[in-house]
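Asks: task: produce atomic coordinates for the following.
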Amino acid sequence: MVNEKQLSFEEAMNKLEQIVDRLEEGDVPLEEAILIYKEGMELSKLCHDKLKNVEEQLTQIITEDGRTESFSIKEEE
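Replies: Numbers count the residues shown, from 1 in each chain. Here you go, the predicted model:
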């Protein structure tokens, strides 16, 4: 379903929005809706995990005295 290694946060969010739009239309057969919903949940988790990773990186950047250090945000591999 979702190839987490190749999707950026923005791509995952875009796919998630498409899934939500499709499900909101209401004309998706039940079996297909369940598969789409599962994919949406995977994308939601992926986005959450990527945001959590960035939050952890930012927390490490800020030192105890409030100074910031140079950093680079790494995409999860």
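Asks: so which elements touch whatever helix or strand residue 53 lives in?
Replies: Assigned by DSSP states H and E, residue 53 falls within helix 30-61. With contacts taken as 3 or more C-beta pairs under 8 Å, 6 or more residues apart in numbering; DSSP states H and E, helix 30-61 sits against helix 9-25. All C-beta spots, glycine's among them, are computed from the backbone N, C-alpha and C.
Asks: and residue 57, how close does it get to residue 21?
Replies: 31 Å (C-beta to C-beta, to the nearest Å).
Asks: quick one, which of those two is more surrounded?
Replies: Neighbours around residue 57 and residue 21, counted as other C-beta atoms under 10 Å, are more numerous at residue 57. The numbers are 13 against 9.
Asks: roughly how far apart are the more buried one and residue 47?
Replies: Spatial separation of residue 57 from residue 47 under the definition C-beta to C-beta is 16 Å.
Asks: ok, now residue 53?
Replies: 11 Å.
Asks: also residue 62?
Replies: As judged by C-beta to C-beta, residue 62 and residue 47 stand 23 Å apart.
Asks: between the two, which is the more surrounded one?
Replies: Neighbour count, other C-beta under 10 Å: between residue 62 and residue 47, residue 47 has more, with 17 against 11.
Asks: now the helix holding residue 53 and helix 9-25, what's the angle there?
Replies: 150 degrees (axes from the mean of the first three to the mean of the last three C-alpha atoms, to 10 degrees).
Asks: now do helix 30-61, average pLDDT.
Replies: The average of the pLDDT scores along helix 30-61 is 92.
Asks: in that helix, what counts as buried?
Replies: Going by neighbour count (16 or more other C-beta atoms under 10 Å), the buried part of helix 30-61 is 36, 40, 42-43, 46-47, 50.
Asks: which residues sit in contact with the most centrally placed residue in the chain?
Replies: What sits nearest the mean C-alpha location of the chain, by C-alpha atoms, centre = their mean, is residue 47, with 1.4 Å. Going by C-beta atoms under 8 Å, 6 or more residues apart in numbering, residue 47 touches 9, 12-13, 16.
Asks: with those in mind, which one is nearest to residue 25?
Replies: Closest approach between these and residue 25, by C-beta to C-beta: residue 16, at 15.4 Å.
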